[in-house]
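Asker: one predicted model, sequence on top.
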Amino acid sequence: MAVSVTFVGCGDAFGSGGRFNTCIMVEDGGLRFTIDFGASSMVALNKLEIAPNSIDAVLLTHLHGDHFGGLPFLLLDAMLGARRETPLTIAGPKGVEARVDQAMEALFPGSGVMQPKFPLIYVELEIGRDNEVLDLTVTPFAAKHTPQTNPTALRVGVGDKIVTYSGDGEFTPDLCAASQGADLFIAECYFHDTPVKGHMSHIDIRNHGEDFGAKRMVLTHLGPAMLAVRDEVAEECAEDGLVIQL
Ligand SMILES: [Zn+2]
Ligand SMILES: [Zn+2]
């Protein structure tokens, strides 16, 4: 079965280059899910005319606002405007449900009394093992990023394809394990020639491109310095709206 990957949003946290926060939509014909759902993801989905109700599951790499902050908007829309009836699964790192609830209460005070009329299922993903989420096999690897976000890279088996997303985080050997043999490896590349704590830069991509062992690699989460050279680097870079067929 063909798998398609749509970069609904591939930007950094601050809207550099006018790009939306991280939201990567994957579908295999039967199932449609996103990896991450950043603060601006509802706007980005609507811009691409993708109905939020059509998303069966959201997988989260970590609990930073540019990667999960759109969920309160998605949930409120599902309960009010869009009148969702089909189940929604939210799978993420340790503490995901409590953190989404806190974000919901912070952004829409009083919304906690609302009960969704659709099944809302939370799954806490265990690091280092294969987690079954609907028809997907999701394997999280520990990432080196702000510890309070419970950061992971996700290796996702969808149909007969493997999609790995680094999430945010510095280069680690674990990341190579996550990306090995993947049909698509989506790698964050926030900075260009500056090594920086908690993120990868293009220095890491140059040094470790071969070690990742993926069939195809696309760079994402580009900051201003990377955006300025994205047409000059050898690697493929994501754009909002880019669709890749696997
Ligand atoms: Zn980020
Ligand atoms: Zn982050």
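Answerer: Structure's in. What do you need? Numbering: from 1, shown residues only. Ligands and ions are numbered 1, 2, ... in the order given.
Asker: and this structure, which of its residues are near ligand 2?
Answerer: Contact residues (Cβ under 5 Å from the ion) of the chain with ligand 2: 64, 168. All C-beta atoms are positioned from the backbone trio N, CA, C, and that covers glycine.
Asker: try it again with 8 Å
Answerer: 13, 62, 64, 66-67, 145-146, 149, 151, 167-169, 198-199 (Cβ under 8 Å from the ion).
Asker: what segments of the protein are strands?
Answerer: Assigned by DSSP state E, the strands in the chain fall at 4-9, 23-27, 32-35, 57-59, 88-92, 120-124, 131-133, 136-142, 152-158, 161-165, 184-188, 217-220, 236-237, 243-245.
Asker: redo those strands as TSV? Include mean neighbour count, mean pLDDT and distance to residue 102.
Answerer: Below are these laid out as TSV (neighbours: other Cβ atoms under 10 Å; pLDDT from 0 to 100; distance: least, Cβ to Cβ, whole Å):
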stretch	mean neighbour count	mean pLDDT	distance to residue 102
strand 4-9	24	98	23
strand 23-27	25	98	21
strand 32-35	23	98	21
strand 57-59	24	98	17
strand 88-92	22	98	13
strand 120-124	15	98	14
strand 131-133	16	98	23
strand 136-142	22	98	21
strand 152-158	25	98	19
strand 161-165	24	98	24
strand 184-188	27	98	25
strand 217-220	22	98	27
strand 236-237	15	98	34
strand 243-245	12	98	34
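Asker: can you lay out those as JSON lines showing distance to residue 41?
Answerer: Below are the strands of the chain laid out as JSON lines (distance: least, Cβ to Cβ, whole Å):
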{"stretch": "strand 4-9", "distance to residue 41": "6"}
{"stretch": "strand 23-27", "distance to residue 41": "4"}
{"stretch": "strand 32-35", "distance to residue 41": "7"}
{"stretch": "strand 57-59", "distance to residue 41": "9"}
{"stretch": "strand 88-92", "distance to residue 41": "13"}
{"stretch": "strand 120-124", "distance to residue 41": "17"}
{"stretch": "strand 131-133", "distance to residue 41": "19"}
{"stretch": "strand 136-142", "distance to residue 41": "19"}
{"stretch": "strand 152-158", "distance to residue 41": "17"}
{"stretch": "strand 161-165", "distance to residue 41": "15"}
{"stretch": "strand 184-188", "distance to residue 41": "16"}
{"stretch": "strand 217-220", "distance to residue 41": "14"}
{"stretch": "strand 236-237", "distance to residue 41": "20"}
{"stretch": "strand 243-245", "distance to residue 41": "17"}
